[in-house]
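Need coordinates for the below:
(3 chains)
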Amino acid sequence: MSDPFDDFPGYEPAAPRAGGIAARALAQVHGAPDFLSALNPEQRAAVETTEGPVLVLAGAGTGKTRVLTARIAHILAQGLARPHQILAVTFTNKAAREMKARIAALIGDGEGMGWLGTFHAISTKILRRHAELAGLKSNFTILDTDDQMRLLKQVIKAENIDEKRWTARTLAYLIDNWKNRGLAPKNVPAGEAAAFANGRGGELYALYQERLKILNAADFGDLLLEALRVLRENPDVLREYQQRFKYILVDEYQDTNAVQYLWLRLLAQRTDPAIKPNLCCVGDDDQSIYGWRGADVDNILRFEKDFPGAKVVRLERNYRSTGHILATAAHLIAHNRDRLGKTLFTDGEDGEKPEVSGVWDSEEEARVVGEEIEQLQHKGHSLDEVAILVRASFQMREFEERFITLGLPYKVIGGPRFYERLEIRDALAYLRCTAQPADDLAFERIVNTPKRGLGDASLQILHDFARLQHIPLMQAARILVETEEVKPKQRSTLRALLKDFERWAGEIGQKPHHELAEQILEESGYTDFWKQEKSVEAEGRLENLKELVRSMEEFPDLGSFLEHVSLVMDVDNADGGERVSIMTLHGAKGLEFESVFLPGWEEGLFPHQRSLDENGRAGLEEERRLAYVGVTRARRRAKIYFATNRRIHGLWQTTTPSRFLDDLPADHVLVTESRGSGSGYGAYAQSRFANIDSFGSRYDTPGWKRAQAHGAKGAQDSGGRGPLTIEGEVLGKTSPGGSFAPGDRVFHLKFGPGSVAGVDGSKLTIDFDKAGRKLVLDSFVEQKSS
DNA sequence: CTTTTCATCTTTTTT
DNA sequence: AGATGAAAAG
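Predicted coordinates:
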């Protein structure tokens, strides 16, 4: 079956025999299989050099994916390995999906490739299998950015740190960076750890990690970091995987960051150091556009040193674009200094020259692009072959608005994602609470949604208690419901809610999980909540909820559905008809279109100011690579636009054309003077000089340095500590167990002074001087000395 | 406890 | 400009 773990226990290095799939692939060909004969000599070398390390430098449009898939097909057809012995790593789910599909096309069956997926998906798989080694249970939840942020906020608040000055966002950024570099809390360089919250950054990181373990949760960074840790600290586990993966393939190698690199190197290592790993990395240094996420181009530049004797194959024959487009892209990227240098060529025709047009503002930009696309449409071009590639997602809206009025069908790729919608996240929180009762973040999200009267005050009591006892919220609630700490009304609603969850949890596995989901949404009152809402949106939201339940049917059980949701945040839009694609340049990597529109080539937006500010020349070069990626997406038509005016943060600003326009070869591009646009095209020449300041002055200013600057002038708040946490601290020390006896004088923060009337385990019956007799928990009262 | 108002911040890119 | 989040009013 396709379960990759099935054959784990009794695993032996398989004899190179042809398994079912491979045998079929072999049987259908004589001599060179057609997936080999279709390759050019370089591609073929990359495919057929199966043994030892191979680096494929694949320029844009040179058949990179084809090489990867053919290589896998070849390995299988030769009987060198079985599908589950091949580790194939991609960066995006899209790429993984496509690779699976293409392998299936070559070989007739894409199943069995259990280890083809994103770094994150594969790490998750490993981590689930050995969760205990990472301090987790195998059903751990994967937190998305939103959950992560909320958790960080809690940690910051709990430590009495001014959350205005030291935001969760900044901390998230720091922690992410550390994780990307493979640094656990104890490994973070002291200087960096000190840069947040007056030296408490490292401490907060450690606390956050601790909280994650209590919640039985991992964030995105953890998936890789913890998987790496498991492999590092458990040689036997590592060996298992090293033996299993006879062949390793990596897509987009230029985008690997430090953890990913370490992770890969560990898995690729052979037990016998004399044996070279069968590792094939495919990448293009000119398309490295994830530096901001910790990607290190050096990984690709260093490959031959890391893996001595590596064979390097260069793919320079471009099959995608026409001559003019290729020449334009080549001339553009040639302005970068840090590159290996490749010369792409094509035998194809020159085709149309790419066009550069200036427009008055972003509105005109959208209008002009809309018109151009309509013209293409009239000439019989398919809208599926048209894409608009923007630098930042806020640019999308104007195009959408314009296209709606034109009635031009479009799809936004990587836009607001299905699983990120409010109602979907709420619904998921219900499911998560049911499946994973320790999931505090999910619980918090829905305790009071729909409104139940369980507000901040009640939640705070739960929180304090849970924190004190180091238990999940739900468990805390279960205990507190037995006492009178929480007001009677909220106590009974809370009790009812807990009962609901218990009932639902009992139904897991008893009935189809999509039916259970529907039942949960119904019984919790969540669907009614939206039905009563009379806004226009409510209907759409209910529709989305239905869609959610429907989509669950495709998964075998609740667990695998939740997993899918957290790793694959987007959902396949079942296509109805041709549509123009609108997406970011980052999202466009790996895709190609007949016609590509590239709006917004203005200084500050593209290259983005922030990239320049934070990373200086390196930032600029990355932006230029992004431009290169954009241009090389086009097969036959590329149109570039720059607007003279653009609205930024709500106010109109005059902009300068992008310096990248200077980098284009005059004899390969067509410059169109837009009617109505006041700015002459020549105006952009000034940009060079206008921006020297921001360009050259601050080369290496990572975010934490800025944070440090803040720290220098910011006096820390030692004054305003919240009373609640004081209570927590004091109580934590004063009540280690139940040393109360009837007659003791005690003090309760809410009910005031009183005397103990009875003791039952941790529950105390107390006659309060003012509030009368109450049943409370010992952790909430303080013993009075006199 | 909920609803309203006011202020702040945002807009780089993603698993 | 718009969304989100905290303080203030009901």
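
going forward, measure contacts and count neighbours with C-alpha atoms only.
Fine.

Contact residues of the stretch 151-300 of chain A facing DNA strand B?
Contact residues (CA under 7 Å from any atom of the strand) of the stretch 151-300 of chain A with DNA strand B: A:164, A:220, A:221, A:290, A:292, A:293.

quick one: low-confidence parts of chain A?
Low-confidence segments of chain A, defined by pLDDT under 70, are located at A:1-33, A:109-111, A:415-416, A:570-575, A:673-738, A:785-786.

Could you point out the longest helix of it?
With secondary structure taken from DSSP state H, chain A has its longest helix at helix A:609-632.

Run through who's touching the helix or strand following it.
Downstream of helix A:609-632, the next assigned helix or strand under DSSP states H and E is strand A:634-648. With CA atoms under 8 Å, 6 or more residues apart in numbering as the test, strand A:634-648 has contacts from A:320-322, A:325, A:351-362, A:365, A:592-602, A:631, A:652-658, A:677-679.

One more pass at 6 Å, please.
A:320-322, A:354-362, A:592-602, A:652-655, A:657 (CA atoms under 6 Å, 6 or more residues apart in numbering).

repeat for stretch A:404-412
Contacts to stretch A:404-412, defined as CA under 6 Å, 6+ apart, come from residues A:579, A:580, A:581, A:582, A:583.

quick one: the strands in the stretch 551-700 of chain A?
A:580-584, A:593-598, A:634-648, A:651-654, A:670-672 (DSSP state E, counting those that start in this stretch).

Direction included, what does the first one pair up with?
Right, strand A:580-584. Note on strand A:580-584: by DSSP bridges, its sheet partners are strand A:386-390 (parallel), strand A:410-412 (parallel).

Please apply the same query to the shortest one.
Strand A:670-672 has these partner strands in its sheet, going by DSSP bridges: strand A:355-361 (parallel).

Just confirm yes or no for the partner strand near DNA strand B.
No - where contact is defined by CA under 7 Å from any atom of the strand, no part of strand A:355-361 touches DNA strand B; the two come within 14.9 Å at best.

helix or strand right after that strand?
With elements assigned by DSSP H and E, the helix or strand that comes after strand A:355-361 is helix A:362-378.

can you give me the angle that next one makes with strand A:355-361?
If you take axes from the mean of the first three to the mean of the last three CA atoms, to 10 degrees, helix A:362-378 sits at 140 degrees to strand A:355-361.

just to revisit the earlier point, same list (the strands of the stretch 551-700 of chain A) but as a markdown table, adding mean neighbour count.
A markdown table is the format used below for the strands of the stretch 551-700 of chain A (neighbours: other CA atoms under 10 Å):
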| stretch | mean neighbour count |
| --- | --- |
| strand A:580-584 | 22 |
| strand A:593-598 | 23 |
| strand A:634-648 | 22 |
| strand A:651-654 | 11 |
| strand A:670-672 | 14 |
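
What about the closest residue in space to residue A:64 that isn't next to it in sequence, how many residues nearby?
Among residues not flanking residue A:64 along the chain, residue A:58 sits closest, at 5.9 Å (CA to CA, 6 or more residues apart in numbering). The number of residues packed near residue A:58 is 27, by other CA atoms under 10 Å.

For residue A:58, list the residues it contacts.
For residue A:58, the contacting residues are A:64, A:283, A:284, A:315, by CA under 6 Å, 6+ apart.

Quickly note the distance from the last one to residue A:324.
Just to be clear, that refers to residue A:315. Distance of residue A:315 to residue A:324, computed by CA to CA, to the nearest Å: 19 Å.

When those two are compared, which one has more neighbours?
The neighbour count for residue A:315 versus residue A:324, taken as other CA under 10 Å, is higher for residue A:315 (26 against 22).

for the more buried one, phi and psi?
Here is the backbone geometry of residue A:315 (degrees, to the nearest 10): phi -110, psi 110.

Would you agree residue A:664 is in contact with residue A:334?
No - at 10.0 Å, residue A:664 does not count as touching residue A:334 under the criterion of CA atoms under 6 Å.

domains of chain A?
Using automatic domain parsing, the domain ranges for chain A come out as A:19-129+A:226-317, A:141-215, A:325-417+A:573-725, A:419-565, A:733-783.

Could you count how many residues lie near the residue in the stretch 451-600 of chain A that DNA strand B sits nearest to?
Using CA to the nearest atom of the strand, the closest approach of the stretch 451-600 of chain A to DNA strand B is made by residue A:455 at 2.9 Å. By the criterion of other CA under 10 Å, residue A:455 has 12 neighbours.

Excluding chain neighbours, give the residue nearest to it in space.
Closest residue to residue A:455 apart from its sequence neighbours, by CA to CA, 6+ apart: residue A:448 at 6.7 Å.

Same check on residue A:412?
residue A:582 (4.8 Å).

Which residues are in contact with the residue most central in space within chain A?
With distances taken as CA atoms, centre = their mean, the residue of chain A nearest its centroid is residue A:220 (6.5 Å). If you count contacts by CA under 6 Å, 6+ apart, residue A:220 has none.

try 7 Å this time
Listed by CA atoms under 7 Å, 6 or more residues apart in numbering, the contact partners of residue A:220 are residue A:143.

where does it fall, phi/psi-wise?
phi -60, psi -40.

In helices only, show me the contacts of residue A:58.
If you go by DSSP H, the contacts of residue A:58 have residue A:64 in helices.

Helices of the stretch 351-500 of chain A, residue ranges please.
Using DSSP state H, counting those that start in this stretch, the helices of the stretch 351-500 of chain A run over residues A:362-378, A:396-406, A:422-435, A:440-447, A:456-469, A:473-480, A:488-507.

Buried residues, the third one. List them.
Neighbour counts using 16 or more other CA atoms under 10 Å place A:423-435 of helix A:422-435 among the buried residues.

What is the burial count for residue A:88?
Residue A:88 has 28 neighbouring residues, counting by other CA under 10 Å.

Write out the residues of the stretch 351-500 of chain A neighbouring DNA strand B.
Counting by CA under 7 Å from any atom of the strand, the stretch 351-500 of chain A comes close to DNA strand B at A:391-394, A:414, A:448, A:451-458.
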